[in-house]
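Enquirer: what follows is a predicted protein model with its sequence.
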Amino acid sequence: MWAKSDGVKASDLALARLLGIVPAPAGAAHLLELSFTEPLRNHLGTMHAAAQFALAEAASAECLQRHFGAAAGEVFAVVRGVEMKYRKPATGDLLACGAPDDRTRDHLVAELNARGRCSAVILVDLKDRAGTLTLHAKFDWFISRVPPPSV
């Protein structure tokens, strides 16, 4: 979930901390990182699919916040759907990149201002440090203005 732009990052959430998801270094082209540690290893010796999914979801939230947080203001957002494909086995640290699709980039703020709600599509790629694509995903988000507190 992504809520108002209050400084909370996707990597601050308990599950992200538990898995070891961390922000990318300043100036990096990617958003988040996940080290390949023993607890994330599956029965084949590669990174568990659930760990990759968690990194991708966190990256989609981080992307929303970075691109639209200040302009969107106080909102409530949840993932409504996901399409993803695991491309290659992940055998090392992963770097998560994310970007809004063209429609989201061009219309999210205007639609949110006009209707008080909108949808957003964030595209996420996970790559290892050698640049091998391990996962590609499309996250569909529902975003709504947070109603003002009742008096």
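Expert: Yes, it's here.
Enquirer: alpha carbons only for contacts and neighbour counts from here, please
Expert: Fine.
Enquirer: check which residues of the strand or helix carrying Leu108 are buried.
Expert: Following DSSP states H and E, one finds Leu108 within helix 102-115. Neighbour-count burial for helix 102-115 flags 104-105, 108-109, 112 (criterion: 16 or more other Cα atoms under 10 Å).
Enquirer: and the residues you listed, which two are the farthest apart?
Expert: For the buried residues of helix 102-115, the maximum inter-member distance is 12.2 Å, found between Arg105 and Leu112 (Cα to Cα).
Enquirer: give me the angle between the top helix by length along the chain and helix 102-115.
Expert: When the chain is parsed with DSSP state H, its longest helix is helix 49-72. Between helix 49-72 and helix 102-115, the angle comes out at 50 degrees (axes from the mean of the first three to the mean of the last three Cα atoms, to 10 degrees).
Enquirer: CA atoms only for whichever helix or strand comes after helix 49-72, dumped as PDB, please.
Expert: Remark: after helix 49-72, the chain's next helix or strand is strand 75-86, criterion DSSP H and E. The C-alpha trace of strand 75-86 is given here as PDB (Å, rounded to 0.1, in the frame of the first residue of the first chain):
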ATOM      1  CA  VAL A  75      -4.100   9.200  -1.000                       C
ATOM      2  CA  PHE A  76      -4.900   5.500  -0.400                       C
ATOM      3  CA  ALA A  77      -3.500   3.100  -2.900                       C
ATOM      4  CA  VAL A  78      -3.700  -0.700  -3.200                       C
ATOM      5  CA  VAL A  79      -2.600  -3.200  -5.800                       C
ATOM      6  CA  ARG A  80      -5.600  -4.400  -7.800                       C
ATOM      7  CA  GLY A  81      -3.900  -6.800 -10.100                       C
ATOM      8  CA  VAL A  82      -0.500  -8.100 -11.300                       C
ATOM      9  CA  GLU A  83       0.800  -9.700 -14.500                       C
ATOM     10  CA  MET A  84       4.300 -11.100 -14.300                       C
ATOM     11  CA  LYS A  85       6.700 -13.500 -15.800                       C
ATOM     12  CA  TYR A  86       9.800 -15.000 -14.400                       C
END
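Enquirer: show me what the following helix or strand past strand 75-86 is packed up against.
Expert: Toward the C-terminal end, the helix or strand that comes next after strand 75-86 (DSSP H and E) is strand 94-100. The elements that strand 94-100 packs onto, with contact taken as 3 or more Cα pairs under 8 Å, 6 or more residues apart in numbering; DSSP states H and E, are strand 32-34, helix 49-72, strand 117-128.
Enquirer: please consider this matter closed, and thank you.
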